[in-house]
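>>> this one's structure only:
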C-alpha cells in the first residue's frame, strides 16, 4: 500500500510563544513584536489552551479610538466593540481556540484553517495541553521536497504497487513537482487510480499519465 500521509507533528513548530489569560494589552503587543508573530495561544493551568489572541483581536482598540460608531455599526460589530475595550488576553482572545491534534494529516489541518479562516492552529493533546503550533507556511513545506524524492516515492509506493509486472518498465519523471508516467500497462482501468494515488503523495503539484494498454502499438517519435 502507498505510504502514510504526512501529519501535523512532521511540520509543526514545537517551541511556541504564548501568554497567560491575565497578560496586559501592551505586553501582548510587545511579545508579538519581539517574536515576529501575529497571534499567540492563551494558556491557563498546565499549559492548557483556552483561546488565541491575534492582531485582528487587538486592532479594534485603534480602529475605534477616535470614532463614535452609529447604532447599526455597534450592533453589527458587537464583538469588535467589546474587544476595543479589552485590557487583558482573556478579554481580547477568540475562544474557544480552534486547535488540531499532532496526528492529524496535513490535509485535515488545511481544511480546518480554510473552514475556520485562521492562519495557524495550536497543536494540543487530548487534554488540551499545548504541544506546538502549525501555520499555513508549515503546511506548504511538503512542496519543498525535491523532484528526485517525489519520483522515488511514486516508483516505490504507487507504480510498484499498482503495476508490479508491467510489459515494459514504466518511466516516472518529475519536473517542478509535476509527475509524468509513461509506458504500457495491462489494465488501463488503473490509470485514474494511479493518478489519484500520486496526487495524494505529499509535495506533488500535478500528475500526467501517458499509459497505454499492453496491446497498443507505440506511437512513432
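Right, received. Where do you want to start? Keep in mind that this is a model prediction, so the values were computed, not measured.
>>> Would you check that residue 119 makes contact with residue 55?
No. Judged on C-beta atoms under 8 Å, residue 119 makes no contact with residue 55 at a distance of 10.1 Å. Where you see a C-beta, it was placed from the backbone N, CA and C, and this is true even at glycine.
>>> Overlap in contacts, these two.
Counting by C-beta atoms under 8 Å, 6 or more residues apart in numbering, the shared contacts of residue 119 and residue 55 are 38-39.
>>> Which residue ranges of this structure form strands?
Under the criterion DSSP state E, the chain contains strands at 19-20, 39-44, 48-54, 100-101, 120-124, 130-135, 171-175, 178-185, 206-213.
>>> looking at those strands, which is buried most?
The highest mean neighbour count among these, using mean count of other C-beta atoms under 10 Å, belongs to strand 120-124: a mean of 25.
>>> Show me what that strand is packed against.
When contacts are defined as 3 or more C-beta pairs under 8 Å, 6 or more residues apart in numbering; DSSP states H and E, strand 120-124 packs onto strand 48-54, strand 100-101, helix 106-116, strand 130-135.
>>> could you redo the ones you listed as CSV and give each row mean pLDDT and distance to residue 183?
Formatted as CSV, those follow (pLDDT from 0 to 100; distance: least, C-beta to C-beta, whole Å):
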stretch, mean pLDDT, distance to residue 183
strand 48-54, 97, 50
strand 100-101, 98, 40
helix 106-116, 94, 29
strand 130-135, 97, 38
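>>> of all these, which lies closest to residue 189?
Set against residue 189 and scored by C-beta to C-beta, the helices and strands packed on strand 120-124 come closest in helix 106-116, at 25.9 Å.
>>> picking up where we left off before, put together JSON lines for the helices and strands packed on strand 120-124, with distance to residue 23 on each row.
Listed next are the helices and strands packed on strand 120-124 as JSON lines, based on distance: least, C-beta to C-beta, whole Å:
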{"stretch": "strand 48-54", "distance to residue 23": "8"}
{"stretch": "strand 100-101", "distance to residue 23": "23"}
{"stretch": "helix 106-116", "distance to residue 23": "23"}
{"stretch": "strand 130-135", "distance to residue 23": "15"}
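>>> Could you point out which of the ones you listed sits nearest residue 15?
strand 130-135 (8.0 Å).
>>> can you list contacts of the closest one?
8-9, 11-16, 18, 41, 43, 47-49, 100, 102, 109, 119-125.
>>> Check stretch 208-215 too.
Contacts of stretch 208-215 with the rest of the structure, by C-beta under 8 Å, 6+ apart, involve 167, 170, 178-186, 188, 191, 194-195, 218.
>>> at 6 Å instead, please
Identification of contacts with stretch 208-215 by C-beta atoms under 6 Å, 6 or more residues apart in numbering yields 167, 180-186, 188, 191, 195.
>>> From these, pick the one nearest residue 23.
residue 195 (49.8 Å).
>>> Spit out the contact partners of that closest one.
Counting by C-beta under 6 Å, 6+ apart, residue 195 makes contact with 207, 209.
>>> Residue 150 is nearest to which of the strands of the chain?
strand 171-175 (4.8 Å).
>>> Strand 206-213 and that closest one, what's the angle between them?
Here strand 171-175 runs at an angle of 160 degrees relative to strand 206-213 (axes from the mean of the first three to the mean of the last three C-alpha atoms, to 10 degrees).
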